[in-house]
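Participant: Model the structure of this input:
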Amino acid sequence: MRRLAAVVLTGTALLSGCTTEQNSGDPLQVAATLEAATPAVSPRQSDSPAGTVLPLAGATAVAVFGGQVAVAVAEPPSVLLYPLDALAAPRVVPLPGVAERLAVVGDALEAPVPGRGVVVTVRADGSTAERGVDGGPVDVAVVAGRTLVARRDAKLVGVDHEVVTGVSSPDRVVAAGTDAVVLDRPRSAVFDVDLDGPEGPRLGAGLRAGDGATSMVADRFGRVLVVDTRGGELMAFSVSPLIMRQRYPVPGAPYGMAYDERRDLVWITLTGLNQVVAFDVAGGEPVERFRFATVRQPDSVAVDPGSGRVFVASGDGQGMQVIGI
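Facilitator: Predicted structure coming up:
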């Protein structure tokens, strides 16, 4: 296995040098036109997918919660619930529109439906509750008992009944311990959120995150891990204060992410290679532990923290792959 060196940085080095003459005065913007990175269009499969593959229409997201694998699909808009102990016919939970993200919050699943302005809570028994959220909700996290909803169209993050502005496109929000971090895909930047400001929640510091950051997860060390799909990197940021700690090359258009807290593994799909790779992130730099061939267009990945099994969902109808380690 070829091992590549990580680059360890301090936060002060990151903002310097990231301003260009094209950026219209925004120190976090390096191009005249903001355009979010997207998963690479995968090539034809050259290797058979590892593990087993279950038939499935094109998936938009996958998650593990409540002893089940949940898969969001677009046709028809719904969440499919597969019991972990019997990956057979799933329970179908209809949605009012397409969910591009499934966020595990406690013992339930949050399915934001941006096209309909609602967030659907899906419980383990398949029951649901729906609440209206204006402004294109795309992600949900609970931080220190407060519910944050990233509302992309409104360009803000809702914090309970208050709002945080200043992010041009809040595409992901995660809880890193008691801290909240927001990912802005078009600007390829991350921001922390001060939840306890004297005048209410407000946007904190912002740092560039490569050339085309797309996905973000938090680990048990209070960091956020971010992949740069355009630049082919895995980055690690500490919070309070927000500082980039690591940059590690991951060729192959990394996109989907899932974190296994028990094993300190971050699983990353490589849409340019039809592969999924796992890095041990417990040490001073990431160390590759596993690499498997996947279904074509592996846009989404989830992991069962109990068994360590990995679930990779194809974005173009090639099925859901189950890999045991």
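Participant: Any stretches of the chain with poor pLDDT?
Facilitator: Within the chain, the stretches with pLDDT under 70 are 1-25, 27, 29-33.
Participant: where along it do the helices fall?
Facilitator: Under the criterion DSSP state H, the chain contains helices at 11-15.
Participant: burial count for Ser48?
Facilitator: Neighbours of Ser48 under the rule other Cβ atoms under 10 Å: 7. Where C-beta positions appear, they are placed from N, C-alpha and C, glycine not excepted.
Participant: Pairing partners for the closest residue to it other than its chain neighbours in the sheet, please.
Facilitator: Once flanking residues are discounted, Ser48 sits nearest to Ala293: 6.5 Å by Cβ to Cβ, 6 or more residues apart in numbering. Beta-bridge partners recorded for Ala293 (DSSP bridges): Gln275.
Participant: Offset the numbering so it begins at 45, please.
Facilitator: OK, 45 is where the count begins now, so the last one is Ala337.
Participant: Hmm, Ala337 is touching Gly95, no?
Facilitator: No - the criterion here is Cβ atoms under 8 Å, and Ala337 misses it with Gly95 at 9.6 Å.
Participant: who touches the residue nearest to Ser92 in this structure?
Facilitator: Gln89, Ser90, Asp91, Ser92, Pro93, Ala94, Asn318, Gln319 (Cβ atoms under 8 Å, 6 or more residues apart in numbering).
Participant: wait, doesn't Ser213 sit right on Ser232?
Facilitator: No - using Cβ under 8 Å, Ser213 makes no contact with Ser232, being 10.4 Å away.
Participant: These two: which has the busier surroundings?
Facilitator: Ser232 (27 against 19).
Participant: So that one versus Arg145, what's the distance?
Facilitator: Separation of Ser232 from Arg145 (Cβ to Cβ, to the nearest Å) stands at 18 Å.
Participant: same thing with Arg135?
Facilitator: Look at Arg135 and Arg145: by Cβ to Cβ, they are 20 Å apart.
Participant: of these two, who's got more company?
Facilitator: Arg145 (21 against 14).
Participant: if we can go back for a sec, shared neighbours of Ala337 and Gly95, anything?
Facilitator: Between them, Ala337 and Gly95 share no contacting residue under Cβ under 8 Å, 6+ apart.
Participant: nearest residue to Leu125 other than its sequence neighbours?
Facilitator: Nearest non-adjacent residue to Leu125, counting by Cβ to Cβ, 6+ apart: Arg135, 4.4 Å away.
Participant: All set, thanks.
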